[in-house]
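Novice: please find the sequence and the predicted model below.
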Amino acid sequence: MPPHTATTTAAVHPLLADRWSPRSFDAAHTLGDGELVSLLEAARWAPSAYNAQPWRFLVGRRGDTTYVRILDALVPFNQEWAHASSLLVAAVAQERVEDGVPQPGPAYDTGLATAQLVLQAHALGLHAHQMSGFDADALRASLGVPEGFRPLSVVAVGALAPAELLPPKLRERETAVRERRPGAETFFTHTWGTPLPVPPLTTRRHYQECT
């Protein structure tokens, strides 16, 4: 089992269990054209309310102008490691349609499209790290994001590099055990805060054995 595989209480697909968000990327790695198109297609085919598809993505490969402008908009903490990624993608949601009427749930739908991009990256043997730490106004100004559209997140994509390449303060996060809040504090029934009863599993089977 890979070192960052989630310890789940039930079998889930390996794409979900093995996905994690590293900060150590291989600065020599170059993303191929086929890989890039695959990532974008995964995002493009996400579901959305009324098929409105409110997402837009600003895509920069390391070395091009878009990449530099997205990197410049990140907070210094994220700039410290994201500069080694092969790709930076800014996810932007269209909050209003052309006549000014609000979109139904644009942030939710754009987040789902972004999640599909992230999972496709893992399926390709790549890794992705999503960030909320960036200056949205700087991104708007440098890349011409129009009114009615809101930058939501930035995703770094690339090939994994050893954690030892990171500064000590980042290396500790890179090697930390993955954790999640218990299900009893997350899934409720009847009233808020009442845990949903989930039968305990006597054994944990691999995903392949459950399909």
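Specialist: Sure, I can see it.

Novice: for stretch 140-159, buried residues please.
Specialist: Neighbour-count burial for stretch 140-159, counted by 16 or more other CB atoms under 10 Å, picks out 140, 142-143, 145, 149-159. Just so you know, the C-beta spots here come from the backbone N, C-alpha and C atoms, and that holds for glycine as well.

Novice: just the ones of those residues in helices?
Specialist: Arg140, Ser142, Leu143 (DSSP state H).

Novice: okay if I get those as CSV plus pLDDT and distance to Ala91?
Specialist: Listed next are these as CSV, based on pLDDT from 0 to 100; distance: CB to CB, whole Å:
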residue, pLDDT, distance to Ala91
Arg140, 98, 14
Ser142, 98, 16
Leu143, 98, 13
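
Novice: now for Gly100, how many residues are close by?
Specialist: 7 (other CB atoms under 10 Å).

Novice: make 359 the first number, not 1, from now on.
Specialist: Renumbered: residue one is now 359, and that last one reads Gly458.

Novice: distance check, it against Ala410.
Specialist: Counting by CB to CB, to the nearest Å, the separation of Gly458 from Ala410 is 15 Å.

Novice: residues making contact with the lengthiest helix in the chain?
Specialist: Using DSSP H, we find that the single longest helix of the chain is helix 464-481. Defining contact as CB atoms under 8 Å, 6 or more residues apart in numbering, one finds that helix 464-481 is touched by 373-374, 376-377, 396-407, 410-413, 415, 447, 449-453, 485-486, 488, 508, 510-511, 513, 515.

Novice: quick check: mean pLDDT of that helix?
Specialist: Averaged across helix 464-481, pLDDT comes to 98.

Novice: after it comes which helix or strand?
Specialist: Using DSSP states H and E, the helix or strand that follows helix 464-481 towards the C-terminus is strand 485-489.

Novice: that following strand - which strands sit beside it in the sheet, and in what orientation?
Specialist: According to DSSP bridges, strand 485-489 has the following sheet partners: strand 507-516 (antiparallel).

Novice: now the angle between helix 464-481 and the strand it pairs with, please.
Specialist: 10 degrees (axes from the mean of the first three to the mean of the last three CA atoms, to 10 degrees).

Novice: dump strand 507-516 to CSV, keeping only the CA atoms.
Specialist: Coordinates of each C-alpha in strand 507-516 appear next as CSV, following Å, rounded to 0.1, in the frame of the first residue of the first chain:
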residue,chain,number,x,y,z
PHE,A,507,-16.6,35.7,-13.0
ARG,A,508,-14.9,34.8,-9.6
PRO,A,509,-11.6,33.1,-9.2
LEU,A,510,-12.0,30.3,-6.7
SER,A,511,-8.8,28.2,-6.6
VAL,A,512,-5.5,27.4,-8.2
VAL,A,513,-4.3,23.9,-8.8
ALA,A,514,-0.7,22.8,-9.2
VAL,A,515,-0.1,19.7,-11.2
GLY,A,516,3.1,17.8,-11.8
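
Novice: pull the distance from that strand to the chain's centre.
Specialist: 8 Å (CA atoms, centre = their mean, to the nearest Å).
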